[in-house]
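A.B. asks: Sequence first, then the predicted structure:
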Amino acid sequence: MKEKRISFGQGKGSLTHNNREFMADNVDPLRTPQNITFVRQPIGEAYDQLFAESTQRYNAKQKRNDRKVQGSYYEHLFGVKPCNTVRTAADKRKSFYEDVVQIGKMEDSGYGTEDFQLVADCLKEYMEGFRNRNPNFYVFNAVLHMDEATPHLHIDYIPVGHYKRGQDTQNGIAQALKEMGFGEGKQAIARWRAAEVEVLNAICLEHGIQPLAPEKARGTLEIPEYKVKRRQADELAKQNAQAEAELSKKVEQINRALKYLPDLQKNEKTEHEFLVAVSELQDMLKSSMSILRNKDSIISRIDTLESLTKKAMDKRDKADLTIYDLRQRGEEVTAELDDALDKLKAVRSEKSQLSSELQSVRAENREYAEIYAMLERIAPAILRQAKDMLREQQQREQAQQIEYQPTKKKKSWGLE
């Protein structure tokens with residue numbers, strides 16, 4: 001029995017590529033007519049078919065217009081018109097999912113080998129039963145590519161779940177898997193994929209093929225290209241570890257900065273932007289494949305974090321400077337105040353002393369005034385006599401001063 005490796009993984013979800021509206025370099029246009037299209041429905045039409053009535057029922061129950069779904073359900077979730085690439089909503093729901101299924105590889109099942117048509121028949125049989133097995137995965141586009149190196153399937157589907165709250169029929173892969181019997185949690189999709197691989201294994205055995213354990217999902221990449229991508233993923237994993245270490249440092253750094261800043265200096269918008277960037281970056285660093293797909297976005301988020309960190313640190317430095325200046329100015333004002341208080345104390349002391357002396361003078365003047373008034377009442381004659389004596393005494397002192405003045409010597413001019 002022939003042994004062949006099974007490949008079952010998630011695809012990029014490019015409907016233009018799948019439907020050959022765009023021809024990649026690895027496509028042989030001469031063999032494109034050999035491709036088998038199982039279903040091809042515009043995604044906008046598929047959404048209307050699946051959710052339009054449910055949206056109408058939901059809107060009819062709403063009394064407030066702001067709670068109603070505006071426009072189509074697709075536009076409500078993804079904010080754009082229906083398009084041919086996967087769109088992701090704010091709550092992480094994807095507009096559609098794609099699985100790529102392949103049996104064998106280029107060396108044993110590729111174009112020109114004897115098993116090329118055999119594996120294509122197996123894939124065709126697998127696809128014909130897919131929709132019956134998975135009633136909650138609405139397949140709106142499915143094609144078997146025969147014009148590349150190895151036959152492979154692209155299956156594009158919209159997960160449909162039913163809910164008691166909100167709109168009763170919604171895009172919801174977790175609910176879809178639960179309703180199909182694969183349980184809840186992160187392992188539900190793994191259990192579903194394992195069940196599908198078992199179906200594919202059974203088909204292969206019926207056609208004389210011994211299936212080997214599936215390789216890790218590599219989409220439609222052939223082995224040489226896959227190895228290159230694998231090395232790139234390993235290198236990105238190293239960069240991921242370095243980025244996480246750097247991110248950890250930056251998180252600690254900016255948290256210190258934000259914690260240090262006074263409340264009036266803290267910029268809530270900057271802090272929010274930082275936390276959003278950290279969350280997005282952590283989501284993109286969950287796996288090597290995620291890193292590979294989101295390399296440019298990862299670099300962009302790291303740049304954003306560096307910018308926000310610098311902004312926060314600049315604010316911290318400004319806060320340091322402000323606090324220092326305020327402290328220095330406070331010390332200067334305190335010194336000036338102490339000096340002013342000392343001067344005030346000195347002035348108050350001097351004023352107190354002058355007030356005391358003034359009171360003494362006033363008391364003495366009052367005493368003299370009282371004596372003078374008493375003399376003027378009791379002995380006016382004595383008072384007049386005393387005044388005359390005082391006047392005569394002053395006149396005698398003036399005469400004596402004139403008498404004792406030195407006499408100037410006249411010049412003789414030699415005539416004496």
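C.D. replies: Arrived safely, thanks for sending. Being a predicted model, the structure only gives us computed values, none of them experimental. Residues are numbered from 1 along each chain as shown.
A.B. asks: check contacts around Q394.
C.D. replies: If you count contacts by Cβ atoms under 8 Å, 6 or more residues apart in numbering, Q394 has none. Just so you know, the C-beta spots here come from the backbone N, C-alpha and C atoms, and that holds for glycine as well.
A.B. asks: can you give me phi and psi for it?
C.D. replies: Taking degrees, to the nearest 10, you get phi -60, psi -40 for the backbone angles of Q394.
A.B. asks: gap between it and R384?
C.D. replies: Distance of Q394 to R384, computed by Cβ to Cβ, to the nearest Å: 16 Å.
A.B. asks: For burial, what's the neighbour tally of D66?
C.D. replies: Number of residues near D66 (other Cβ atoms under 10 Å) recorded here: 6.
A.B. asks: E21 and N136, how far apart?
C.D. replies: 28 Å.
A.B. asks: er, E128 actually
C.D. replies: 18 Å.
A.B. asks: what about the two, which has more around it?
C.D. replies: N136 (19 against 10).
A.B. asks: Just the pLDDT at the more buried one, thanks.
C.D. replies: Note for N136: predicted pLDDT of 96.
A.B. asks: Could you find the closest non-adjacent residue to it?
C.D. replies: Once flanking residues are discounted, N136 sits nearest to A176: 3.7 Å by Cβ to Cβ, 6 or more residues apart in numbering.
A.B. asks: what about that neighbour, distance to P151?
C.D. replies: Distance from A176 to P151, by Cβ to Cβ: 28 Å.
A.B. asks: more neighbours, these two?
C.D. replies: When neighbours are counted by other Cβ under 10 Å, A176 and P151 differ, and P151 comes out ahead with 29 against 25.
A.B. asks: Double-check that one against A120; I have them as touching.
C.D. replies: Yes - the criterion here is Cβ atoms under 8 Å, and P151 meets it with A120 at 4.1 Å.
A.B. asks: anything in contact with each of these two?
C.D. replies: With Cβ under 8 Å, 6+ apart as the test, P151 and A120 both reach L144.
A.B. asks: Count residues in the vicinity of the residue lying closest to P42 once chain neighbours are set aside, would you?
C.D. replies: Closest residue to P42 apart from its sequence neighbours, by Cβ to Cβ, 6+ apart: P82 at 7.1 Å. By the criterion of other Cβ under 10 Å, P82 has 17 neighbours.
A.B. asks: Secondary structure element holding P82?
C.D. replies: Counting by DSSP states H and E, there is no helix or strand that carries P82.
A.B. asks: same deal with R193?
C.D. replies: R193 belongs to helix 188-206, assigned by DSSP H and E.
A.B. asks: And that helix, what's buried?
C.D. replies: For helix 188-206, a neighbour-count test (16 or more other Cβ atoms under 10 Å) marks A188, W192, R193, E196, V197, L200, N201, I203, C204 as buried.
A.B. asks: how about the helices of the stretch 101-250 of the chain, start to end?
C.D. replies: 106-109, 116-128, 130-133, 173-179, 188-206, 223-260 (DSSP state H, counting those that start in this stretch).
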